[in-house]
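J.: Kindly return the folded structure for what I paste below:
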Amino acid sequence: MSALARMFLGEGKQVSGSDRAPSLVTEGLEKLGAKIFYEQEAENIAADVDLIVYTIAIPADNSELLAARAKGIDCLTYPQALGLISAEKYTIAVAGTHGKTTTTAMIAEMMIAASLSPTVVVGSLLKQKNTESSFPGGTNFIAGDSKYLVVEACEYQRSFLNLSPRIAVITNIDNDHLDYYKDFTDIQSAFAEFISKVPDDGFVVCDKKDLRLELVLGQTKATVVDYKNFLERISSSGLTVPGHHNLLNASAALAVGEILQIAEKTSLEALLGFSGVWRRFEPKGEMETGALVYDDYAHHPTEIEAALAGAREFMSNRQMTGKLFAVFQPHLYSRTKILKEDFATKLALADEIIMAPIYAAREPADQTISSEILAEAIARKNPNVRVLRDFAEIAEALRTDTEEGDLIMTIGAGDIYKVGEDLTRNVKIEV
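T.: Got it, this is the predicted structure:
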């Protein structure tokens, strides 16, 4: 949503919008001239508004949306608005349950290095080197002046079907968004429909040997490019960002670079210098105890496994002999409930696990699942788990229990990153 707001502001349009609380994102938009409301009320919708763009995460009875429709204002969902932009561009759409944000950012950095000047829409904040940033930590939108659009393609509620991809990247497919999809076959059907939109002279970049893609790939006549064929070129060079999952993400980006006929030397230099995006193994700082704090958006068991494996690799490379702390805030009651045992197995890989209350996001409370129930499942695999009441309790526990050589990972799609910011104020990591 904020990426579109940035695009409209860059075109000289008047932009207003609402959010639940101030953040780095809203601060950046306000600096660009957007008017932000922090309470969602019908009065926020002025009569002279020409267009409403809304996230599909809000309920149908949202007061602002109802007011807009009552006033006869045109309303588009975010995917619909993005689809209108995509239809006029050579679109490189990056889909997948895991890794799509990082892969989108890698492709963007690679194309910028090759002077292809893409327009970029990504679901996190880029740590960009080649464009000016309007606020610390980068931006989630880059206004290019070429035909190319690089965009993160979200599968939730089949949003990505609004796009018109010429190159479709599928990083992987996994069980997620089961509050919307009936089962895994339903998820596969959405991805199959997505790549069916790629024209015959287009390209699908994926792991061709992934058995979960068998039903999907039968729906395309486009050229299928196996990104695993590029893995050795990345592995032999080494990345700045840790973890095997990032090697796979970079391989997919390198495959796109070859399709676009970017010189491999240019692509590799950009990828090897890639330093990550906001909330993807992001260094927050060093505690007064000497423990290092990193933050990651991982909110699915597979992502947590990858994040913790990357942290272990990082600790090994730095010869850190302390404990790995996983500070996890579950995201959505439905996801936590359906994937409870998988969450327990993956979180148990840490040495110490601290649980925050569930971040409900768009869902009503569900008394049949809680962080305490998840902690019980974790304890059957690793007894070093506890549930704390709030962020203040978590921060105090970490100040007491950590020492030099430890690494803390704050994990989750909610606002758990605030714990790391509290712990490391004015004490940064040398990267």
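
J.: Tell me which residue is most central in this structure.
T.: Central residue of the chain (C-alpha atoms, centre = their mean): T101, 4.7 Å from the mean position.

J.: Touching, that one and V120? I think so.
T.: No: T101 lies out of contact with V120 (C-beta atoms under 8 Å); the separation is 11.6 Å. (C-beta placed from N, C-alpha, C; glycine too.)

J.: Below-threshold pLDDT in the stretch 1-150 of the chain: ranges please.
T.: Within the stretch 1-150 of the chain, the ranges that satisfy pLDDT under 70 run 125, 127-138.

J.: show me where it has strands.
T.: 16-18, 35-37, 51-54, 74-77, 90-95, 119-121, 141-142, 148-152 (DSSP state E, counting those that start in this stretch).

J.: In JSON lines, list those along with distance to A348 and mean neighbour count.
T.: Below are the strands of the stretch 1-150 of the chain laid out as JSON lines (distance: least, C-beta to C-beta, whole Å; neighbours: other C-beta atoms under 10 Å):
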{"stretch": "strand 16-18", "distance to A348": "40", "mean neighbour count": "17"}
{"stretch": "strand 35-37", "distance to A348": "41", "mean neighbour count": "15"}
{"stretch": "strand 51-54", "distance to A348": "39", "mean neighbour count": "17"}
{"stretch": "strand 74-77", "distance to A348": "39", "mean neighbour count": "14"}
{"stretch": "strand 90-95", "distance to A348": "30", "mean neighbour count": "26"}
{"stretch": "strand 119-121", "distance to A348": "36", "mean neighbour count": "24"}
{"stretch": "strand 141-142", "distance to A348": "38", "mean neighbour count": "22"}
{"stretch": "strand 148-152", "distance to A348": "30", "mean neighbour count": "26"}
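
J.: got those strands as a markdown table, with distance to G310 columns?
T.: Converted to a markdown table, the strands of the stretch 1-150 of the chain look like this (distance: least, C-beta to C-beta, whole Å):
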| stretch | distance to G310 |
| --- | --- |
| strand 16-18 | 34 |
| strand 35-37 | 34 |
| strand 51-54 | 35 |
| strand 74-77 | 34 |
| strand 90-95 | 20 |
| strand 119-121 | 24 |
| strand 141-142 | 26 |
| strand 148-152 | 20 |
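
J.: Ok, which of the ones you listed comes nearest D176?
T.: Proximity to D176 (C-beta to C-beta) singles out strand 90-95 among the strands of the stretch 1-150 of the chain, at 12.2 Å.

J.: for the closest one, packing partners?
T.: helix 100-113, strand 148-152, strand 165-170, helix 184-195 (3 or more C-beta pairs under 8 Å, 6 or more residues apart in numbering; DSSP states H and E).

J.: mind checking pLDDT for the closest residue to D342 other than its chain neighbours?
T.: Nearest residue to D342 in three dimensions, chain neighbours excluded: P301, at 3.8 Å (C-beta to C-beta, 6 or more residues apart in numbering). Predicted confidence (pLDDT) for P301: 92.

J.: from what I can see P301 touches L349, true?
T.: No: the pair P301 / L349 is not scored as a contact, 10.4 Å apart, by C-beta under 8 Å.

J.: the more surrounded of those two?
T.: P301 (21 against 18; other C-beta atoms under 10 Å).

J.: Settle this for me: L339 is touching H299, isn't it.
T.: No: here L339 does not reach H299: they are 10.1 Å apart, not a contact under C-beta under 8 Å.

J.: dump the residue contacts of P199.
T.: P199 sits next to R166, A222 when contact means C-beta atoms under 8 Å, 6 or more residues apart in numbering.

J.: Give the helix, strand or coil label for it.
T.: coil (DSSP: H, G, I helix; E, B strand; the rest coil).

J.: How much space separates it from K221?
T.: 8 Å (C-beta to C-beta, to the nearest Å).

J.: do A192 as well
T.: Distance of A192 to K221, given as C-beta to C-beta: 13 Å.

J.: what about these two, which has more around it?
T.: Per other C-beta under 10 Å, whichever of A192 and K221 has more neighbours is A192, with 16 against 13.

J.: residue contacts, the residue nearest to D342?
T.: Contact analysis of P301 by C-beta under 8 Å, 6+ apart lists L339, D342, F343, T345, K346.

J.: The fourth one contacts R380, doesn't it?
T.: No: counting by C-beta under 8 Å, no contact exists between T345 and R380, whose distance comes to 9.9 Å.

J.: Looking at these two, which is more packed in?
T.: Each of T345 and R380 has its neighbours counted (other C-beta under 10 Å); T345 has more, 18 against 12.

J.: A81 - nearest residue in space that isn't next to it in sequence?
T.: Nearest in space to A81, with sequence neighbours left out and distances taken as C-beta to C-beta, 6+ apart, is V53 at 4.8 Å.

J.: got it, and K209?
T.: That would be K228: by C-beta to C-beta, 6+ apart, it lies 6.9 Å from K209.

J.: list the contacts for that neighbour?
T.: K228 is in contact with D207, K208, K209, L248, S251, counting by C-beta under 8 Å, 6+ apart.

J.: What count of nearby residues applies to K209?
T.: Neighbourhood size, K209 [other C-beta under 10 Å]: 9.
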